[in-house]
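Q: Need the 3D shape of this:
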Amino acid sequence: MRKYPVICLLMLCAACGLRSARGQEADRIVQGPLSELISGVPEGVWSHNFFSGISVGTNGVYVRRGDTLLMAQQVVMGTNDEVEADGHVRIESSGALWLGEHITYNFATHQMRSEQFRTGKTPVFASGSSLQGNVTNQTYTARKVVVTTDDFSDPTFEFRAAKVVIVPKKYVEMWHATLYVEGVPVFYFPYYRRNIGYRANNFDFMPGDRSLYGPYLLTTYRWFAGDNADGKIHLDFRARRGVGLGPDVNLQMGQWGDLGLKYYYTHDDRPNLGTNGLPNFGNVPENRQRFYVGYQATPATNFNVKALVNYQTDPFVLHDFFENDYQANPQPNTLVEANQHWDNWSLDALTTPRVNSFFNQIERLPDVKLTGFRQQILDSPLYYDSESSFGYYRSFIADTNGAYPNPDGIYASSAARGDTYHELLVPWTFFNFLNVTPHLGGRITYYSSESAAAGTNDETYREVFDTGIGTSFKASRVWSGATNSLMQVDGLRHVFEPSINYVYVPRPSTPPNQLPQFDSDLPSLMLLPVQFPDYNNIDSIDSENVIRFGVRNTLQTKRDGVIDNLVDWNMLLDWRLRPDRGQNTFNDLYSKLVFKPRVWLSLESQLRYDINDSQLNMAFHQLIFAPNDRWSWGLGHWYLHGGFVGNGANYITSTMFYRVSDNWGLRTTHDFDAQSGRLQQQFYTLYRDLRSWTAALTFRVIDNGIGPQDFTVAFAFSLKASPQMRVGDDTVSPDHLVGE
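A: Numbering: from 1, shown residues only. You can find the predicted model right below:
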């Protein structure tokens, strides 16, 4: 027993020694011939003088310490870790690259000196003389320097300065700097400082001409203050509509979250002229504004806060001046939400005050919900989940009757509601593969008496009981020898996942038509859940006796050593054993298919087929070709049967990109309304790579079938070092190319 402390002490010492050895290993200087790193080069030679402590490497050698690598034709290294390197010297450290013919570098102090140098890391490249710098602090000073964002030996756009201080990824300072374009001096700066990289202050100009705006110029100044603040200042001129301006501010406050502010004001000379060529309904003010606040934070562990404020002076301001935002959300809400999450529980508080009086809205003042996630009850086979909420709700309906709607809308009803749902489940597994889960649940909902014009329901309680059983299993089979070069198949695995879920809900004690409808069924393109609590339209709950059949088939193969889905097909069908009034025996057959015969070719399909009336209610298909980096083509079809949702739709879309050469590209987009036989939108963009800059000339035609056609031509250009748009933005949101 007395030996144990000694043994523990020895183990502790060994552990400390191992840790120290590992630290020394990471800091140890490694020398070797370049042939160890680059095949095909001559075999470098190192020699060491034990009396002077000097090492000499010739004929191509390298020195490495930590993440710093030095390579040169000849290296002389002393006992103070200082290296004198000659001949094609290359130093890589912290992601930066330094080149020169003679460089002195100290691996201990990280100091660097060079008579001539070149350095570069996108988006800034430089060359000059008399370099002095510290790799650790990443601050470098040089004389007679050329700085450019053009990664060519003969740059189009460059600064030539007497003295330069470079801090990579942050900023560059220049004294007596001259701007050259195509070798011609165009401007002189006694002193110039500029942030570099994606956080560099810059101007964006977008001139254009649109039928409904006239000639226009959209000007944006993008600014950055350190790493935690940035924003934009907009100043726009539209000849037919007037001047618009406003700031955007983004703050990154660490633990206290991210805050975004947007404000835009325009004095509209023609406020009642909508962008579809027809008048805007109502008395739209000349002074039109849009104010947005977005906030999100996690101030404590598992505690999240989110807030959105969307204020508009009228319902058309987004449609007229921010088309992308309008398409993403035509009726933006205002909300404040807080969530606290634990292992088995979650508490949410949501408030949605009415800020814009001209949209339909349900106010929640507030809505508090406690969710109990599925959890085991002690050591029993029983599992439990729940969902309880309480809130005060007010319903507003925008008055859209007549030529000039009532901007205040109609105050329909208000009431308080308390709801609690609890469920017990017993998950079993039979034969080591068959999952069977019976469940039993019940809910009680309280409604206060309604007030306001449309509120006619008295105080009431509603009880709902539900039960059912779910079954599922997964089976798979592998064909390792299956190959097909046409479809890039290298082995196959088929995964088969069928499921059957039965749900029974007797008629509630109070039918939905006698309850206020704050959370009610709305038209949906997808099949709604049939089981509680996934089905969360609390006020629309009615009797249900349904079996949902599901099956998923997946074919997987290996492509470039990675598992990839060749086919992924999911199907759902509801069989209503006792249909309610207005329901058919079978719900729509839903199908979602993704077929990827090659890595560059994919087909996605979603369908809803009404098997009772033998008609297609919804179809979405998208085919994408991307065989190489020269061209790509996306072809889509969107169909909705008339009466299923609205008046139906039938659209064909096409987007094609073709890179004519290294400097020229062309993108075309067409949206064809097959229902009316009208080409609704045409987009043509010509791209030009100017090495340091990129430019795009766009022509767009919109024909909504009402009013005159809308023509737009716009020119956008951007410095590559500080791009106006992120990669892919012009594809996802092409309207950015015309300034919307």
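Q: use CA for all of it now, contacts and neighbours both
A: Will do.
Q: so what strands line up beside the helix or strand containing Ala307?
A: In this assignment (DSSP states H and E), Ala307 forms part of strand 303-312. Note on strand 303-312: by DSSP bridges, its sheet partners are strand 287-300 (antiparallel), strand 335-341 (antiparallel).
Q: Mind putting these into JSON lines with distance to Leu261?
A: Shown next, in JSON lines, are these (distance: least, CA to CA, whole Å):
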{"stretch": "strand 287-300", "distance to Leu261": "5"}
{"stretch": "strand 335-341", "distance to Leu261": "15"}
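Q: where along the stretch 51-200 of the chain do the strands fall?
A: 54-58, 61-65, 68-72, 74-77, 82-93, 96-106, 111-121, 124-134, 139-148, 157-167, 171-181, 184-195 (DSSP state E, counting those that start in this stretch).
Q: residues in contact with the fourth one?
A: If I follow you right, that is strand 74-77. Around strand 74-77, the neighbours that count as contacts under CA atoms under 8 Å, 6 or more residues apart in numbering are 54-61, 83-87.
Q: which among those residues end up buried?
A: The neighbour count (16 or more other CA atoms under 10 Å) marks 55-61, 83-87 as buried among these.
Q: hey, what's Arg678 bridged with?
A: Beta-bridge partners for Arg678, by DSSP bridges, are Asp673.
Q: How many residues are close by the nearest residue to Pro366 once chain neighbours are set aside?
A: Nearest non-adjacent residue to Pro366, counting by CA to CA, 6 or more residues apart in numbering: Thr351, 4.5 Å away. Thr351 has 20 neighbours, counted by other CA atoms under 10 Å.
Q: Just list the residues touching Thr351, thanks.
A: Contacts for Thr351 (CA under 8 Å, 6+ apart) come out as 335-337, 363-367.
Q: Repeat that for Gln73.
A: Contacts of Gln73 by CA under 8 Å, 6+ apart are 57-61, 85-89.
Q: for Asn612, same thing?
A: With CA under 8 Å, 6+ apart, Asn612 has these contacts: 584-586.
Q: any idea how far the residue nearest to Pro366 lies from Tyr392?
A: From Thr351 across to Tyr392, the span is 10 Å (CA to CA, to the nearest Å).
Q: Kindly report the same for Val293.
A: To Tyr392, Val293 is 24 Å away according to CA to CA.
Q: picking that back up, reformat the strands of the stretch 51-200 of the chain as CSV; add mean pLDDT and distance to Val551.
A: Shown next, in CSV, are the strands of the stretch 51-200 of the chain (pLDDT from 0 to 100; distance: least, CA to CA, whole Å):
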stretch, mean pLDDT, distance to Val551
strand 54-58, 89, 68
strand 61-65, 90, 57
strand 68-72, 90, 55
strand 74-77, 91, 67
strand 82-93, 88, 54
strand 96-106, 86, 53
strand 111-121, 80, 51
strand 124-134, 79, 54
strand 139-148, 83, 58
strand 157-167, 83, 58
strand 171-181, 84, 57
strand 184-195, 81, 55
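Q: Among these, which comes closest to Gln615?
A: strand 111-121 (58.9 Å; CA to CA).
Q: Could you name the helices and strands sitting against that closest one?
A: For strand 111-121, the contact count by 3 or more CA pairs under 8 Å, 6 or more residues apart in numbering; DSSP states H and E identifies strand 96-106, strand 124-134 as packing neighbours.
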